[in-house]
Structures are given as structure tokens and as C-alpha cells.
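A.B. asks: give me the fold of what follows.
(one chain, ligands or ions: 2)
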Amino acid sequence: MTRPELRDDVRIVDTTLRDGSHAQSHQFTESQVRDTVRALDGAGVEVIEVTHGDGLGGSTFNYGFSRISDLELVQVAADTAEQAKIAVLLVPGIGTADDLRKAADRGAEVVRIATHCTEADVSLQHFEIARDLGMQTCGFLMMAHRTTPEELARQARLMVDAGCQVPYVTDSAGALLMHEAKDRFDALITEVGDDAWVGYHGHQNMSLGVANSVIAYEAGVRYIDGSLCALGAGSGNSPTELLAAIFDRMNIRDRARRDGDIGCSRDSWCGPTSTVGRKSIGMRSCRVGSAWYSSFLLHAGDRGRPVWRSGARESCVAAANWGYVGGQEDMIIDVAIQLAKVSGHGIRAVCFSGRGLIA
Ligand SMILES: CC[C@H](O)CC(=O)C(=O)O
Ligand SMILES: [Mn+2]
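C.D. replies: Residues are numbered from 1 along each chain as shown. Ligands and ions are numbered 1, 2, ... in the order given. Below you'll find the model as predicted:
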């Protein structure tokens with residue numbers, strides 16, 4: 001397996017337009033995509049991910065409908081970027097091989113194929129298809145805190161043998177303490193480091209995404225994810241603009257080090273005139289030290305749309321304690337109903353992400 005060429009010390013991958021889609025209820029417009037890609041591309045960011053938050057095919061009742069289809073947004077992004085490669089996310093079972101072919105036709109050059117951290121076997125066929133399409137391939141092992149470093153490394157090996165060039169420690173719940181993150185980075189690098197790069201995707205639930213990114217780099221991880229202003233599911237991702245600034249301070253070479261340009265794109269998301277960034281900062285108030293899947297927050301009604309008897313936080317924590325994983329956002333309804341029964345409060349109304357009333 002050949003690894004993608006790395007021209008610098010580290011490659012920052014920006015996921016504002018994909019993980020940030022969760023924080024925007026999947027309502028990105030063409031002009032937001034165009035402006036953000038232009039700014040990130042101008043700032044030297046080499047890979048920009050664009051899709052519904054749950055990836056290709058995610059625009060459904062279960063996960064929330066997009067305003068503009070993935071294929072249209074990928075096309076806008078690919079037409080806008082002069083240097084950067086456009087990446088798409090694919091969760092097998094949500095997106096299909098056909099979705100991937102169509103995204104490649106619209107200009108996607110990188111695919112990030114995501115599975116729960118112990119279920120890499122469901123991605124193997126997709127990696128083969130992606131490599132046949134000539135795409136660069138990354139593999140997300142989601143909820144990486146849910147398994148041991150050794151098992152995570154075995155799962156990474158499965159992905160790499162199927163054609164994955166960059167398996168990721170994906171801390172979907174922002175749950176990894178620094179030593180836990182390091183153990184996972186070390187395990188993956190020992191297992192696949194001769195054949196693949198290793199990546200890290202952090203969330204800010206405990207505000208450790210940036211610290212863990214520094215540890216990741218020091219351990220040998222060479223793909224590190226961020227999003228502008230931390231716009232992302234749950235408490236958001238490691239902020240791209242901080243990663244760029246900190247790597248610069250550490251004299252680590254990456255393409256995204258031109259603070260001015262990154263600063264411009266940051267301002268469009270969370271500067272004084274922006275309203276979108278504030279929403280994501282509001283979501284951070286729900287930060288909890290419990291390891292729930294970040295995308296649950298949107299469905300648990302952080303913005304007050306659903307009328308649960310239990311709050312968003314209680315639903316997310318219960319979902320974590322009951323073992324729910326990525327892709328099970330639809331189970332949040334059930335969680336809230338169970339909580340209502342347990343608390344004896346009864347259910348006043350159940351509204352799923354503002355799109356339906358179950359009563
Ligand atoms: C549904 C895919 C998911 O949002 C991927 C991801 O970013 C994560 O697990 O953190
Ligand atoms: Mn994420």
C-alpha cells in the first residue's frame with residue numbers, strides 16, 4: 001500500500017464543511033461552501049472535507065435533511081479549490097459505493113470511510129472500490145475510546161490491508177485523556193506505520209482536541225483534523241486556526257500556516273458579524289465529561305427544538321451509558337422515552353430534530 005506523498009511535516013485536514021454540518025443542522029449553502037473553500041484553499045489547507053455531517057447519503061429523515069445535496073456541494077467545492085483536494089465522508093450503510101462513484105465524478109479526490117472502532121470489516125469493500133476509483137483513502141475508527149489500543153490497531157490493520165492509506169484514531173466523543181490518546185497513536189503506528197500514515201480526529205468535549213493533536217504529532221501521527229472555530233458535532237472539533245498557529249509555534253511545517261488567511265476564514269464563521277459560529281459556541285455549553293457520540297447532541301435537541309422532559313444532556317449521557325454508537329442517532333427518541341418512563345414524568349411531546357411529531 002502506498003501512502004499519499006506528504007510534502008510537509010504534517011497535513012491538516014479541515015472538516016468545517018462536513019463535521020461542522022452537524023452544528024449547522026446540515027443547512028450549508030453553496031455560497032458558504034464556496035467562501036469557506038476559497039479561504040481555506042488560499043490559506044494552504046490541503047484537504048477540505050465537504051458532505052452532510054453523516055457523510056454521503058446522510059440527508060435523510062433519520063439524520064436530518066441537507067439544504068443542498070452533497071453532490072452539488074462537492075461540485076462547488078471542487079470548482080472553487082485551486083490547490084486543495086476535496087474529501088467526502090462515507091459511512092458504509094448510510095452511503096453506498098454508487099454515492100462514492102458519483103462524488104468522484106463531481107471532483108472528490110479523497111474519501112474517509114468511517115466505521116465503529118471494532119467494525120472495520122464493514123469497510124473493506126469500500127476501500128477497494130475507492131482505490132479502483134483512484135481516490136486517496138482514509139479510515140475513521142470512530143468512538144476510539146470504546147476499545148483498547150491493541151484492538152484499535154488490529155482494526156486499523158484490516159483497513160490498511162483493504163486499501164486504506166490513513167487509518168484514524170477518531171475520538172468521536174472527545175473522550176480520550178492525553179495518555180489514552182497516546183497509547184492509541186503508538187499502537188497504530190507500531191502496527192501500520194510502515195505501510196500507512198496515521199491520522200487523528202479530535203473533538204473538544206473536554207477541550208483536549210488541541211493538546212491531543214500536539215501529542216499525536218509527537219507520536220508520529222501525520223494527518224490531523226480541525227474545523228474553523230471548532231465548528232463540529234457536539235462540542236466541536238479541534239480549531240483549524242489554532243492547530244495552524246500552534247504547529248507554526250512548534251516549527252512544524254504545514255501548508256496551513258498563513259495566519260492571516262486562516263484568520264479571514266475563521267472570521268467568516270465566528271467573527272463579530274457572524275451568527276453561525278455563535279450557535280456552535282452555544283452548543284459547547286453542553287460539554288460533559290461523559291463519552292457520548294458527538295452527533296447525538298443535534299438530535300437530542302441542544303437548541304431547544306424537541307420538547308423532551310429530559311434535557312439534551314441527560315439523553316446524551318444515557319445514550320452513552322446504554323452503549324449507543326455512531327449511526328444510532330435515531331435511538332435518541334427511544335432513549336428520551338425510556339428516561340421519561342424511568343423518571344415517571346411521562347412524555348409531553350417528542351419532536352425529532354424539528355421534523356416530526358410523535359406525540
Ligand atoms: C457519522 C460520521 C461521524 O460524524 C464521523 C465523525 O466525525 C466522528 O465520529 O467524529
Ligand atoms: Mn467528528
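
A.B. asks: quick one: low-confidence residue ranges for the stretch 201-350 of the chain.
C.D. replies: 255-290, 301-310, 343-350 (pLDDT under 70).

A.B. asks: please repeat the previous calculation with a cut-off of 80.
C.D. replies: Applying pLDDT under 80 to the stretch 201-350 of the chain picks out residues 253-292, 297-298, 300-314, 333, 336-337, 339-350.

A.B. asks: what parts of it come near ligand 1?
C.D. replies: 201, 233, 294-295, 326 (CB under 6 Å from any ligand atom). (Each C-beta comes from the backbone N, C-alpha and C, glycine too.)

A.B. asks: mind checking which of these land in strands?
C.D. replies: The strands, defined by DSSP state E, take in His201 from those.

A.B. asks: can you lay out the residues of the stretch 201-350 of the chain next to ligand 1 as JSON lines showing neighbour count and distance to Leu56?
C.D. replies: Output for these, formatted as JSON lines (neighbours: other CB atoms under 10 Å; distance: CB to CB, whole Å):
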{"residue": "His201", "neighbour count": "30", "distance to Leu56": "17"}
{"residue": "Ala233", "neighbour count": "30", "distance to Leu56": "17"}
{"residue": "Ser294", "neighbour count": "30", "distance to Leu56": "19"}
{"residue": "Ser295", "neighbour count": "28", "distance to Leu56": "15"}
{"residue": "Gly326", "neighbour count": "23", "distance to Leu56": "15"}
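
A.B. asks: all helices for the stretch 151-300 of the chain, in order.
C.D. replies: 178-192, 209-219, 240-249, 259-270, 276-284, 296-300 (DSSP state H, counting those that start in this stretch).

A.B. asks: next SSE downstream of the shortest one?
C.D. replies: Using DSSP states H and E, the helix or strand that follows helix 296-300 in sequence is helix 312-321.

A.B. asks: and the helix or strand following that next one, how far out from the chain middle?
C.D. replies: Later in the chain than helix 312-321, the nearest helix or strand by DSSP H and E is helix 331-343. Offset of helix 331-343 from its chain centre (CA atoms, centre = their mean, to the nearest Å): 26 Å.

A.B. asks: how about stretch 159-175?
C.D. replies: Distance, stretch centre to chain centre, for stretch 159-175: 11 Å (CA atoms, centre = their mean).

A.B. asks: wait, does it make contact with ligand 1?
C.D. replies: Yes: against ligand 1, stretch 159-175 shows contacts by CB under 6 Å from any ligand atom at 170, 172.

A.B. asks: what's the farthest-apart pair in the residues of the stretch 201-350 of the chain next to ligand 1?
C.D. replies: Within those, His201 and Ser295 form the most distant pair, 12.8 Å apart (CB to CB).

A.B. asks: who touches both of those two?
C.D. replies: Ser172 (CB atoms under 8 Å, 6 or more residues apart in numbering).

A.B. asks: OK, contacts around the residue in the chain positioned nearest to ligand 1?
C.D. replies: As assessed by CB to the nearest ligand atom, ligand 1 sits closest to Ser172 within the chain, at 3.2 Å. With contacts defined as CB under 8 Å, 6+ apart, Ser172 is in contact with 142-144, 201, 203, 233, 293-295, 326.

A.B. asks: and with 6 Å instead?
C.D. replies: Ser172 is in contact with 142-143, 293-294, 326, counting by CB atoms under 6 Å, 6 or more residues apart in numbering.

A.B. asks: and those residues, which is closest to Met159?
C.D. replies: Among the contacts of Ser172, Met142 lies closest to Met159 (CB to CB), at 12.2 Å.

A.B. asks: dig out what that closest one forms beta bridges with.
C.D. replies: His116 (DSSP bridges).

A.B. asks: good, wrapping up.
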